[in-house]
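In: Sequence first, predicted coordinates after that:
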Protein chains: 2
Amino acid sequence: MPDTDHPYSNHVEPARTPDNVIKALSIDNLIFGLDHGQLDVMLIKHREGISKGRWGLPGGWIRYDENLRDAASRHLHELTGVQNLYLEQLKTFGRLDRFPSERVVTIAYYALVSAEDYSLVAGNNAADASWFNIRELPELIYDHAEILQYGIEFLQQQVRRRPIGFNLLPEKFTLLELQELYESILGTKLDKPNFRRKIMKMNLLASCEEKQQGVAHRAAKLYRFDEQAYQALTEKGFSFEI
Amino acid sequence: MPDTDHPYSNHVEPARTPDNVIKALSIDNLIFGLDHGQLDVMLIKHREGISKGRWGLPGGWIRYDENLRDAASRHLHELTGVQNLYLEQLKTFGRLDRFPSERVVTIAYYALVSAEDYSLVAGNNAADASWFNIRELPELIYDHAEILQYGIEFLQQQVRRRPIGFNLLPEKFTLLELQELYESILGTKLDKPNFRRKIMKMNLLASCEEKQQGVAHRAAKLYRFDEQAYQALTEKGFSFEI
DNA sequence: AAGTCTTGTGGTCAAAAGGACAATAAGGCA
DNA sequence: TGCCTTATTGTCCTTTTGACCACAAGACTT
């Protein structure tokens, strides 16, 4: 074995380009939204580069002097106009042939939002930016279909174990909206009275002391997710389970 | 914004070194083992390079033409002699200053094994390789303490939700050994009769039709984890919960 | 104003799961 | 044999879950 193969020895500066990115390393964002009870994902159509005119996840290169999450936020903002989203790391994908012509490893981040809160604006580098229902996707570049599939399965698991689903709803929501969210993601039917009891017993919802407006039936109470209560319960070893 | 900042445009080959590694990207392995009911982690002492003589996680650079998991396996083998471990991706760490002098992003992998099955042999590139109790760790290089901490917390969560704990035990084990494993990782006490009922009801254990040998009391039956049964149950949507 | 449709909200009940703890069995050892 | 330790089974009670019923509250129709 050559001496140069020692771990962390043999330093050579990574390649830098005029805009100072690490050329072997990219970010891809998976932004999920809920629209009319259906799970959507945010995609962009590339304006330039080798994938011009095709749809893919909003992402791009990581700069040499930029933290990973910052890179994820920057690309999301530049490509879709969306800002101030809390992005969580999902997984790193690095199959040898995932990117054409050279080796690129990509770190996937994800976030969950209420789709109706975000009107997308294609940035300078994107020809288009739009929400897509996860069951009606266009063909995606590179291995983005694989990344998306992984993200959807991850979401289905996580949503039962952690109260991340609330991020997909507007600030104020009804119990039925919450239930339909879970039914939509999990692909099951849930019993209404039982669901509401289960949720309410967790003490994670705070009443807004308000009711729905303009519905053609009895208006439901509005609730919001009580972040503080969740923090307090988490520290006591509480575990969210649907 | 310069034209060169377009996502995935502006191709430049990544830096390559004589041994053909990507210099911005490394692997670090978290190998957990159980020894006398205590959780251990595998560390190596570096022989060369900028961290010579100090302890760290077994890892190193990723080659340009090597898949991520293959890189993880290769480094583990070269540094500790351990082979054929199923490594699972944990998380990618990329803080700007995590590595001295240049930007390096590292992908952490982990595995769980029965510590007694693995006698470590320091490879050519390691001055030493050894198990350490996670409560009695030496000072670690770079951000390896942070990575390890993340891994331990991840393990505590996962062990309750997926039957990964079995990997920490020998092929054949008693129910009490299994219980003590959970007590050790979770830091709690569990009721023996209730624990055994809960486990047995899952139908994940196959009896070895054998008993413990050489114990100074009634010998317990030996069981092994039934991989097939687990696969079958998983497909039916079974969820493991302790 | 009465009727009816839709959705919200509370209740019941039986089955299942969980947890505390007593009781018995098996094997080694003095 | 009696004693000690751990394995294993049993019992009882509480909590949780899931299925389903019933009624309440608006809003719309006629």
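Out: The structure has been received and is ready for your questions. Numbering: from 1, shown residues only, chains lettered A, B, ... in the order given.
In: Just give the closest residue to A:Glu146, not the sequence neighbours.
Out: Excluding the flanking residues, the one nearest A:Glu146 by CB to CB, 6 or more residues apart in numbering or on different chains is A:Phe93, at 7.3 Å. For glycine as for every other residue, the C-beta is placed from the backbone atoms N, C-alpha and C.
In: List the buried residues for stretch A:235-242?
Out: A:240, A:242 (16 or more other CB atoms under 10 Å in any protein chain shown).
In: contacts for it?
Out: Here stretch A:235-242 makes contact (CB atoms under 8 Å, 6 or more residues apart in numbering or on different chains) with A:159-163, A:182, A:186, A:198, A:202, A:204.
In: picking up where we left off before, residues contacting the residue nearest to A:Glu146?
Out: Per CB under 8 Å, 6+ apart, neighbours of A:Phe93: A:28, A:105-108, A:143, A:146-147.
In: Kindly recompute the last result at 7 Å.
Out: Applying CB atoms under 7 Å, 6 or more residues apart in numbering or on different chains, we find A:Phe93 in contact with A:106, A:108, A:143, A:147.
In: Any idea how far the longest helix along chain A is from the middle of the chain?
Out: For chain A, the helix with the greatest residue count under DSSP state H is helix A:144-161. Helix A:144-161 has its average C-alpha position 9 Å from the chain's average C-alpha position, going by CA atoms, centre = their mean, to the nearest Å.
In: Just want the angle from that helix to helix B:144-161.
Out: 70 degrees (axes from the mean of the first three to the mean of the last three CA atoms, to 10 degrees).
In: Show me what stretch A:192-206 is in contact with.
Out: A:163, A:175, A:178-179, A:223-226, A:229-230, A:240.
In: got the contact list for A:Val113?
Out: Contacts of A:Val113 by CB under 7 Å, 6+ apart are A:31, A:33, A:85, A:167-168.
In: partner residues bridging it?
Out: Beta bridges link A:Val113 to A:Gly33 when assigned by DSSP bridges.
In: ok, now how distant is it from DNA strand C?
Out: Separation of A:Val113 from DNA strand C (CB to the nearest atom of the strand, to the nearest Å): 22 Å.
In: next one: A:Gly81
Out: 33 Å.
In: pretty sure that residue contacts A:Asn125?
Out: No. A:Gly81 is not in contact with A:Asn125 according to CB atoms under 7 Å; the separation is 11.7 Å.
In: Check the contacts of stretch A:235-242 one by one and keep those near DNA strand D.
Out: A:Lys198 (CB under 7 Å from any atom of the strand).
In: now the contacts of stretch A:235-242 as CSV including pLDDT, distance to A:Met42 and neighbour count?
Out: Compiled in CSV, those are given as follows (pLDDT from 0 to 100; distance: CB to CB, whole Å; neighbours: other CB atoms under 10 Å in any protein chain shown):
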residue, pLDDT, distance to A:Met42, neighbour count
A:Val159, 88, 18, 20
A:Arg160, 84, 23, 16
A:Arg161, 85, 24, 14
A:Arg162, 88, 21, 15
A:Pro163, 89, 22, 20
A:Tyr182, 91, 21, 18
A:Leu186, 86, 21, 14
A:Lys198, 93, 31, 13
A:Met202, 90, 30, 16
A:Leu204, 90, 27, 18
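In: Export the contacts of stretch A:235-242 as a markdown table, with columns for distance to A:Arg74.
Out: Listed next are the contacts of stretch A:235-242 as a markdown table, based on distance: CB to CB, whole Å:
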| residue | distance to A:Arg74 |
| --- | --- |
| A:Val159 | 27 |
| A:Arg160 | 32 |
| A:Arg161 | 30 |
| A:Arg162 | 26 |
| A:Pro163 | 28 |
| A:Tyr182 | 33 |
| A:Leu186 | 33 |
| A:Lys198 | 40 |
| A:Met202 | 36 |
| A:Leu204 | 32 |
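In: Specify which member of the contacts of stretch A:235-242 is nearest to B:Ala129.
Out: Closest approach to B:Ala129 among the contacts of stretch A:235-242 (CB to CB): A:Arg161, at 35.7 Å.
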